[in-house]
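A.B. asks: sequence plus the predicted model coming up.
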Number of protein chains: 2
Amino acid sequence: MVADEAALDEFCQKFRLKKTGRNEILLQAGDVCPYIYFVNSGCLRVYMMDVNGKESTRFLITEGRFGTAFPSFTLQEPSLAYIQSIEPTEALYINHHDFRELLDTIPGWERVYLISLERDYIASIKRIESLITMDATQRYRHLMDTNPEIIRRLPNKIIADYLGISQETLSRLKSKK
Amino acid sequence: MVADEAALDEFCQKFRLKKTGRNEILLQAGDVCPYIYFVNSGCLRVYMMDVNGKESTRFLITEGRFGTAFPSFTLQEPSLAYIQSIEPTEALYINHHDFRELLDTIPGWERVYLISLERDYIASIKRIESLITMDATQRYRHLMDTNPEIIRRLPNKIIADYLGISQETLSRLKSKK
DNA sequence: CTTGAAATTTGACAAATGTCAAATAATTTA
DNA sequence: TAAATTATTTGACATTTGTCAAATTTCAAG
């Protein structure tokens, strides 16, 4: 239908393209996160840093996924997290106002976003479960089973932060079995 | 408006009331979760049990909150979790089919649910953060700061499971400071 | 109000994981 | 390609947290 094509066109118009190098910071903690990203290639990392400089990875966003500093973007309040491109990355992005507007203007978009939210929420519930029920070894094996690619692809340090363990412990787990 | 009143009325019609005693099981692991609950009074607990019988609490749902075994209810697949009433509880419930139908029939409901999902997702992100960045002491203090009521109200064992630590460790944390 | 069951506390010890430091390996960039 | 940086591995040891058992306290049902 013409109407839907026009809507889709308007949808796409709102997005801009960003290309980054390795290890660029896209969002500083303390700033309000203006954008949600759709990663075409590369990998974004949403992470926090404590007072001692110790980092923890909240999310890893690879090709074909939406991602942002979700609480900050959604509530438009200062972010506890940083966003960084671990690899050279190409991503589409849209600002908060335009993103909210899509909910009212693009037919069916509200449902698409809702279902995507359900999926992300379920993924985060699964992650909570792995954190409260599994020890370091089990969490590592679980990640091996469900997402072996990011283990191959990303540095130890990032994977360890993501699993909530130290790099040394991860290194020892890897050499065990 | 009359139309909205009729819609609201239809909305309410879909819910049924359930009253439970203490420690009743509302959902068995392995079953598909048919209902989402709105707790009027009391407290529901969504928890898992490992092969050794060790329990872990995924969620605690108190007055005025919606809750269910979310992945099972949403995807209509067998649940890894149990639902239990920790206290005598009064809750409204609605089945999956009717709940999905509300999205299409009640004007504005899709948006309400979407925003509720965003909130729940943000809460789960915060919980992940507390699990990967804090040790047992910090997590306990954090819960004291953000939700002291459930510590007062619920047994140690449940709180410990929720924090992902053993009851003995929690008991020692409480006596320390 | 009493009694039996459940929850909590405590001690002793074991296991898991973290920390620090140093050596080695891998990777990036000039 | 070489130098410099960054990542990984390893050892020694400290710390945190878990486990098991027993004593004590609290609480709910009769």
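C.D. replies: Perfect, thanks for sending it.

A.B. asks: so how far is the helix or strand where A:L60 lies off the chain centroid?
C.D. replies: Element membership of A:L60 [criterion: DSSP states H and E] is strand A:55-62. Counting by C-alpha atoms, centre = their mean, to the nearest Å, strand A:55-62 is centred 6 Å from the centre of its parent chain.

A.B. asks: pairing partners for it, with directions?
C.D. replies: Strand A:55-62 has the following strand partners under DSSP bridges: strand A:43-49 (antiparallel).

A.B. asks: do the partner strand and DNA strand D meet?
C.D. replies: No. Shown here: strand A:43-49 not in contact with DNA strand D (C-beta under 7 Å from any atom of the strand), separated by at least 11.6 Å. Just so you know, the C-beta spots here come from the backbone N, C-alpha and C atoms, and that holds for glycine as well.

A.B. asks: output the strand holding A:L60 as CSV, restricted to C-alpha atoms.
C.D. replies: What follows is strand A:55-62, C-alpha atoms only, in CSV (Å, rounded to 0.1, in the frame of the first residue of the first chain):
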residue,chain,number,x,y,z
GLU,A,55,34.2,-1.8,34.8
SER,A,56,31.1,-4.0,34.4
THR,A,57,29.5,-4.7,31.1
ARG,A,58,25.7,-4.4,31.2
PHE,A,59,25.1,-5.2,27.5
LEU,A,60,26.8,-6.2,24.4
ILE,A,61,25.0,-5.2,21.2
THR,A,62,26.1,-6.9,18.0
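
A.B. asks: I'd like the next helix or strand past it.
C.D. replies: Following strand A:55-62 toward the C-terminus (DSSP H and E): strand A:66-67.

A.B. asks: residues in contact with that next one: which ones?
C.D. replies: Identification of contacts with strand A:66-67 by C-beta atoms under 8 Å, 6 or more residues apart in numbering or on different chains yields A:I36, A:Y37, A:F38, A:V39, A:L44, A:V46, A:F59, A:I61, A:S116.

A.B. asks: which among those residues count as buried?
C.D. replies: A:I36, A:Y37, A:F38, A:V39, A:L44, A:V46, A:F59, A:I61 (16 or more other C-beta atoms under 10 Å in any protein chain shown).

A.B. asks: just the endpoints, please. Distance across stretch A:100-112?
C.D. replies: 13 Å (C-alpha to C-alpha, to the nearest Å).

A.B. asks: repeat for stretch A:44-58
C.D. replies: 11 Å.

A.B. asks: kindly report the same for stretch A:93-112.
C.D. replies: Start to finish, the residues bounding stretch A:93-112 are 17 Å apart (C-alpha to C-alpha).

A.B. asks: any stretches of chain A with poor pLDDT?
C.D. replies: A:1-4, A:177 (pLDDT under 70).

A.B. asks: for chain B, what are the nearby residues on it?
C.D. replies: Applying C-beta under 8 Å from any C-beta of the partner chain, we find that chain A lies next to chain B at A:48, A:50, A:56-58, A:70-71, A:74-75, A:80, A:103, A:110-111, A:113-114, A:117-118, A:120-122, A:124-129, A:131-133, A:161-164.

A.B. asks: just checking, which of those residues belong to helices?
C.D. replies: Judged by DSSP state H, those include A:70-71, A:74-75, A:103, A:110-111, A:113-114, A:117-118, A:120-122, A:124-129, A:131-133, A:161-163 as members of helices.

A.B. asks: selection in ChimeraX covering whichever of the residues you listed are buried, please.
C.D. replies: ChimeraX command restricting these to the buried ones, with burial defined by 16+ other C-beta under 10 Å:
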select /A:70,71,74,103,110,113,114,117,118,120,121,122,124,125,127,128,129,131,132,133,161,162,163
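
A.B. asks: what are the phi and psi values for the residue lying closest to A:I165 once chain neighbours are set aside?
C.D. replies: Using C-beta to C-beta, 6 or more residues apart in numbering or on different chains and skipping the chain neighbours, the partner closest in space to A:I165 is A:A136 (4.6 Å). The phi/psi pair for A:A136 (degrees, to the nearest 10) reads phi -60, psi -50.

A.B. asks: please verify my assumption that A:A136 contacts A:L173.
C.D. replies: Yes. If you go by C-beta atoms under 8 Å, A:A136 and A:L173 touch, sitting 6.4 Å apart.

A.B. asks: return the distance of the residue nearest to A:I165 relative to B:R141.
C.D. replies: 23 Å (C-beta to C-beta, to the nearest Å).

A.B. asks: who are the contact partners of A:E87?
C.D. replies: A:R22, A:G42, A:C43.

A.B. asks: got those as TSV, with neighbour count columns?
C.D. replies: Output for the contacts of A:E87, formatted as TSV (neighbours: other C-beta atoms under 10 Å in any protein chain shown):
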residue	neighbour count
A:R22	11
A:G42	19
A:C43	22
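
A.B. asks: give me the neighbour count for the nearest residue to A:K176 once chain neighbours are set aside.
C.D. replies: Spatial nearest neighbour of A:K176, excluding adjacent residues (C-beta to C-beta, 6+ apart): A:T137 at 7.8 Å. Using other C-beta atoms under 10 Å in any protein chain shown, A:T137 is surrounded by 14 other residues.

A.B. asks: one more: A:V51?
C.D. replies: The burial count for A:V51: 5, using other C-beta under 10 Å.

A.B. asks: the one 3 residues further on too?
C.D. replies: The number of residues packed near A:K54 is 11, by other C-beta under 10 Å.

A.B. asks: separation between it and B:T74?
C.D. replies: Distance from A:K54 to B:T74, by C-beta to C-beta: 35 Å.

A.B. asks: I figured A:Y162 was touching A:T57, is that so?
C.D. replies: Yes. Using C-beta under 8 Å, A:Y162 is in contact with A:T57, at 4.1 Å.
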